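**Q** got a sequence here, can you build the structure:
(one chain, ligands or ions: 1)
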Amino acid sequence: MPDAQLPVVIAGGGIGGIATALACARRGIASIVCERRAPNAQDGAGIQIGPNGTRILAQLGVAERLLPQISVPEGIAVHSGKEGRALARLPLGDWIKQRHGSPYWTAHRGDLHAALIATAAEAQLITIINDAEVASYCEGDDRVDAHLVDGRRIAGRILIAADGLWSRLRAQIAPTAALVKSAGKCAYRSVIARDQIPAGLNLEDVHVWLGSGSHVVHYPVRAGRECAIVVIVDDEATFDAWNTAADTGWQERHAAAIPPALREALGSLGGWRMWSLATVPPLAGWTKSRAALLGDAAHPVLPFLAQGGVLALEDAVTIAARLCEAPGNEAAALRAYELERRGRALAVARASAANGRIYHLDGIMRLARDSVLGAVPASALMARYDWLYGWRLLAPADRETVSQ
Ligand SMILES: Cc1cc2nc3c(=O)[nH]c(=O)nc-3n(C[C@H](O)[C@H](O)[C@H](O)COP(=O)(O)OP(=O)(O)OC[C@H]3O[C@@H](n4cnc5c(N)ncnc54)[C@H](O)[C@@H]3O)c2cc1C
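**A** Numbering: from 1, shown residues only. Coordinates of the predicted model:
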């Protein structure tokens, strides 16, 4: 095959990798996705998808397929973890749909991934290879070759590394990138069937319980048949844990961090898995000639705005648009993608980290936070996120205006 007709090679078939393949296919660009896991491997728990994400899922033809599995929360109920009282109720439902032209959904991450894969399976321009771990790549004049750990080589005109937080390709594309480091927090997650949910856990809406040095979030998934719960605690000690089964003593160890109103309910639940939250300081660059990082590989963000997966969707449609606009000049297209996305990813990472600090305040600062939450109108609190949920892919003319 002439190099100019080679497909785009995507390392990693998670949310970002499959969405990139779909976005490329919609623009007539063929791709090969190399995913290290076996087909149908699933992990994770719940995922919140803001309007900036559901808009993209609709554009990619994924939303309709996912629709039977989602919930549409009417609001975010914020509670004081210590006292159990309601602090605020931020509007979602019709309010956010009308404001941003697209809904706010909650879903099981496995359902989102399955919908992405099923949509990709119908696209003729997408090939997904499982059990295909990319170890490195090399670049020729007009092509790249991805080297798999089993010795296979996959040729493409560019390589997009969507291989997640623990990206193996990051070091090759961004050699000055620092290593992944602990964020000093650990997330304990579980998904529980509706009929096993103890009294005290409201199943509708998104609920956030603000503790001291901790917070709890729960919301419906699988169209309300299940509930996803995450307890996030300040904890430096468990950095090695990444999606591992939580030991039975974790709730006792973190008893002070769990809101009293939830202790009994959470104590009766099983199936907890733990994720140490980790970050990478902003990279000096995301691209190197014909290779680019995307999603968590480029810009892992802490989960306190529920935006990491959605940012990967935004990356996906941006990179496909820029590739389509610069046929034959892939390196320039990748640079345009990076230029357009870096500021946005940094802003989301900062806002998310700030939320994490606010959620875990203690003492007088906690009381001040609670009074502000009670005093400011809920719609005004949500309007502060218009920049986040209102994101849209820029047309070339708009990009020129922005850069002037
Ligand atoms: C506790 C928690 C809660 C979260 N909640 C939300 C939320 O509510 N909303 C939201 O939008 N985001 C949320 N996120 C963030 C979100 O999960 C990530 O940002 C998102 O998964 C990033 O997608 P990705 O495709 O970049 O990486 P991943 O989803 O990590 O996908 C990477 C893929 O690459 C594969 N891979 C890895 N290395 C290789 C290799 N060398 N070769 C081939 N394949 C490889 C992996 O198997 C995987 O399939 C949360 C994260 C956490 C930890």
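**Q** burial check on residue 363, number of neighbours?
**A** If you count neighbours by other CB atoms under 10 Å, residue 363 ends up with 8. The C-beta positions use only the backbone N, C-alpha and C, and glycine is treated the same way.
**Q** so how far is residue 370 from it?
**A** Between residue 363 and residue 370 the distance is 12 Å, computed by CB to CB, to the nearest Å.
**Q** again, but for residue 264
**A** As defined by CB to CB, residue 264 lies at a distance of 23 Å from residue 370.
**Q** show me which of these two is the more surrounded one.
**A** In this view residue 264 and residue 370 are compared by other CB under 10 Å, and residue 370 has more residues nearby, 19 against 11.
**Q** part of a strand, is that one?
**A** No: secondary structure of residue 370, determined by DSSP: H, G, I helix; E, B strand; the rest coil: helix, with no strand assignment.
**Q** contacting residues for residue 348?
**A** Counting by CB atoms under 8 Å, 6 or more residues apart in numbering, residue 348 touches 301, 305, 307, 311, 388.
**Q** does the helix or strand hosting the last one reach the ligand?
**A** This means residue 388. Assignment of secondary structure by DSSP states H and E places residue 388 within helix 386-389. No: no part of helix 386-389 sits close enough to the ligand to count as contact by CB under 6 Å from any ligand atom; the gap is at least 11.2 Å.
**Q** touching that helix from outside, list them.
**A** Contacts of helix 386-389 from elsewhere in the structure, counted by CB under 8 Å, 6+ apart, are 50, 51, 52, 96, 99, 100, 104, 305, 307, 347, 348, 351.
**Q** buried subset of these, written for ChimeraX?
**A** Paste this into ChimeraX to select the buried members of the contacts of helix 386-389, with burial taken from 16 or more other CB atoms under 10 Å:
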select :50,51,52,96,99,100,104,305,307,348,351
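**Q** in helices, which of the contacts of helix 386-389 fall?
**A** Using DSSP state H, the members of the contacts of helix 386-389 that fall in helices are 51, 52, 96, 99, 100, 347, 348, 351.
**Q** turn these into CSV, including pLDDT.
**A** CSV is the format used below for the ones in helices among the contacts of helix 386-389 (pLDDT from 0 to 100):
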residue, pLDDT
51, 98
52, 98
96, 98
99, 98
100, 98
347, 98
348, 98
351, 97
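**Q** quick one: contacts for the residue in the stretch 151-300 of the chain that the ligand sits nearest to?
**A** Using CB to the nearest ligand atom, residue 295 is the residue of the stretch 151-300 of the chain that sits closest to the ligand, at 2.3 Å. Contacts for residue 295 were tallied using CB under 8 Å, 6+ apart; they are 12, 14, 15, 16, 17, 162, 164, 308, 311, 312, 315, 316.
**Q** how about residue 166?
**A** For residue 166, the residues meeting the contact criterion (CB under 8 Å, 6+ apart) are 180, 242.
**Q** kindly report the same for residue 301.
**A** For residue 301, the contact set (CB under 8 Å, 6+ apart) comprises 279, 307, 308, 311, 345, 348, 349, 352.
**Q** next, it: secondary structure please.
**A** Three-state assignment for residue 301 (three-state DSSP): coil.
**Q** measure it to residue 356 for me?
**A** Residue 301 sits at a distance of 10 Å from residue 356 (criterion: CB to CB).
**Q** picking up where we left off before, of the contacts of residue 348, which is the nearest to the ligand?
**A** Relative to the ligand, the closest of the contacts of residue 348 is residue 307; by CB to the nearest ligand atom it sits at 5.1 Å.
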